[in-house]
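Colleague: Provided below are the primary sequence and the corresponding predicted coordinates.
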Protein chains: 2
Amino acid sequence: MCMMIVDVEENDDVLVPPTNFSMVEDGIFRSGLPQPSNFGFLETLNLRSIIYLCPEAYPQENMDFVDAHDIKLFQFGIEGKTESSSTSIPNHTITGALKVLIDVRNHPVLIHCKRGKHRTGCLVGCFRKLQTWCLSSVFEEYQRFAGVKWRATDLRFIETFEVMCLRQCLYSIIYQYQGYGSNKRRLLYQEESIQKPKIKSI
Amino acid sequence: MCMMIVDVEENDDVLVPPTNFSMVEDGIFRSGLPQPSNFGFLETLNLRSIIYLCPEAYPQENMDFVDAHDIKLFQFGIEGKTESSSTSIPNHTITGALKVLIDVRNHPVLIHCKRGKHRTGCLVGCFRKLQTWCLSSVFEEYQRFAGVKWRATDLRFIETFEVMCLRQCLYSIIYQYQGYGSNKRRLLYQEESIQKPKIKSI
């Protein structure tokens, strides 16, 4: 009887991360759609927000979870297309999601779509470009999560996504949030010798 | 001429992470063997230590890099075996590497072998067991990095690796480092109802 209780406690301790779960950066995580079995694990991340990249309504159980834990849900509906479909991800949708993603006031944040491969992979890929990763490393990471399901259209999207305006936007958020005087730039790996961007509201 | 200078500066800014690079946890990274082209990226991680899992001498350029940046090198030589070879990873080697890995005084730490697939995958897999991840999630992560090169022998090693004694060891380090009074346990996702471990020296 005593053994049984111990066993039950052991099972309670096991954590089940969502499929394709990984840490992206300090305070940024990625995964496929979390199932109720993953909620125990998600609690350990102390999420402040979730970026959900599908157009479908958020499942009721997931909605109950975010409500119960006071997690802000940001939905950016991107169609789950197939390799052959001609519709591409709208640039402005990824730009909007990136603005939420890089704002540390939303961290810790979990990005997810359905499988954590294509839509999530595109958003993370654009984020890596912002971090000035070289394109081959961005692609390597994308393909690690997409596996055999990788899509040339996604790689093309990431490659052609215009990151310069976004970098300006990033700087403007950072300056706005931390003030002019601060030289502590979160989410930037290194200081870059750029012209000081003009401040504008988000 | 002015444009050329700008271009050169842009190229200097590009960061090239090592192959199979990823964040594992706060302060823990994994990758394949870093090449000189990756040193600029590695500098941005502000590493305090490196866990190197190959028996071969550390390459001279890498040694120069760690010396120049005051990074502590911990080497645990594990033979790079093939699927068919019968020699298995010695348990005590992984135990030794895990002790270094979970000691926050060594963070930020980079784990690497040659390709960041098998030896690194085994160490990270055992670390995930310490974090009480369920085995299927541990395997999913291992396979994401190993790709088509995944080895059944590695999965068996991870599955059979005895984690209970290590968890005791983890608690002893934490208690030793942070003192009895503290209830802040780094690298543990949640409090577990266990007996207080006996304190012993590492």
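Modeller: Arrived safely.

Colleague: lowest-scoring secondary structure element of chain A by mean pLDDT?
Modeller: One helix or strand of chain A scores below all others by mean pLDDT, DSSP states H and E: helix A:2-13, with a mean of 41.

Colleague: stretch A:113-129: which residues count as buried?
Modeller: The neighbour-count check on stretch A:113-129 (16 or more other Cβ atoms under 10 Å in any protein chain shown) flags A:113-129 as buried. (C-beta placed from N, C-alpha, C; glycine too.)

Colleague: return the residues in contact with A:F39.
Modeller: Residues near A:F39 by Cβ atoms under 8 Å, 6 or more residues apart in numbering or on different chains: A:F65.

Colleague: same question for A:I71.
Modeller: A:I71 neighbours (Cβ under 8 Å, 6+ apart): A:L47, A:R48, A:S49, A:I50, A:F65.

Colleague: try A:I94
Modeller: Residues in contact with A:I94, defined by Cβ under 8 Å, 6+ apart, are A:F76, A:C122, A:L123, A:C126, A:F161.

Colleague: how about the last one: what's its closest non-neighbour residue?
Modeller: Translated: A:F161. What sits nearest to A:F161 in space, not counting adjacent residues and going by Cβ to Cβ, 6 or more residues apart in numbering or on different chains, is A:C126, at 5.0 Å.

Colleague: same question, the third one
Modeller: Of all residues not flanking A:L123 in the chain, A:A97 sits nearest, at 5.5 Å (Cβ to Cβ, 6+ apart).

Colleague: now, the contacts of A:I94 that are in helices?
Modeller: Using DSSP state H, the subset of the contacts of A:I94 located in helices is A:C122, A:L123, A:C126.

Colleague: the residue nearest to A:L123: which element?
Modeller: According to DSSP states H and E, A:A97 maps onto helix A:91-101.

Colleague: the spatially most central residue of chain A pairs with what?
Modeller: Compute the mean C-alpha point of chain A, and by Cα atoms, centre = their mean the closest residue is A:I111, 3.2 Å away. Applying DSSP bridges to A:I111 gives these bridge partners: A:R30, A:I51.

Colleague: which residues sit against stretch A:123-133?
Modeller: A:24, A:28, A:30, A:51, A:53, A:94, A:97-98, A:101-102, A:111, A:135, A:137-139, A:141-142, A:154, A:158, A:161, A:163, A:166-167, A:170, A:187-189, A:192, B:13-17.

Colleague: an error on my part: the question was meant for stretch A:59-66.
Modeller: Outside stretch A:59-66, the residues within contact range by Cβ under 8 Å, 6+ apart are A:L33, A:P34, A:P36, A:F39, A:L42, A:I50, A:Y58, A:I71, A:K72, A:L73.

Colleague: name the SS class of the fourth one, please.
Modeller: Which is A:F39. helix (DSSP: H, G, I helix; E, B strand; the rest coil).

Colleague: do the same with the last one
Modeller: When the structure is split into helix, strand and coil by three-state DSSP, A:L73 lands in strand.

Colleague: I figured A:V104 hits A:G27, correct?
Modeller: Yes: between A:V104 and A:G27 there is a contact under Cβ atoms under 8 Å: 6.8 Å.

Colleague: before we move on, back to that, quick one: least confident of the contacts of A:I94?
Modeller: In terms of pLDDT, the least confident member of those is A:F161, at 92.

Colleague: surely it touches A:N91?
Modeller: Yes: using Cβ under 8 Å, A:F161 makes contact with A:N91 at a distance of 6.7 Å.

Colleague: so those two - more neighbours on which side?
Modeller: When neighbours are counted by other Cβ atoms under 10 Å in any protein chain shown, A:F161 and A:N91 differ, and A:F161 comes out ahead with 18 against 14.

Colleague: for B:L110, see how far away the more buried one is.
Modeller: 29 Å (Cβ to Cβ, to the nearest Å).

Colleague: can you map out the strands along chain A?
Modeller: Here chain A has its strands, by DSSP state E, at A:22-25, A:28-31, A:49-52, A:72-75, A:109-112.

Colleague: so which of those strands is nearest B:K149?
Modeller: Proximity to B:K149 (Cβ to Cβ) singles out strand A:22-25 among the strands of chain A, at 19.1 Å.

Colleague: buried sites along that closest one?
Modeller: Here strand A:22-25 shows A:S22, A:M23, A:V24, A:E25 as buried, counting by 16+ other Cβ under 10 Å.
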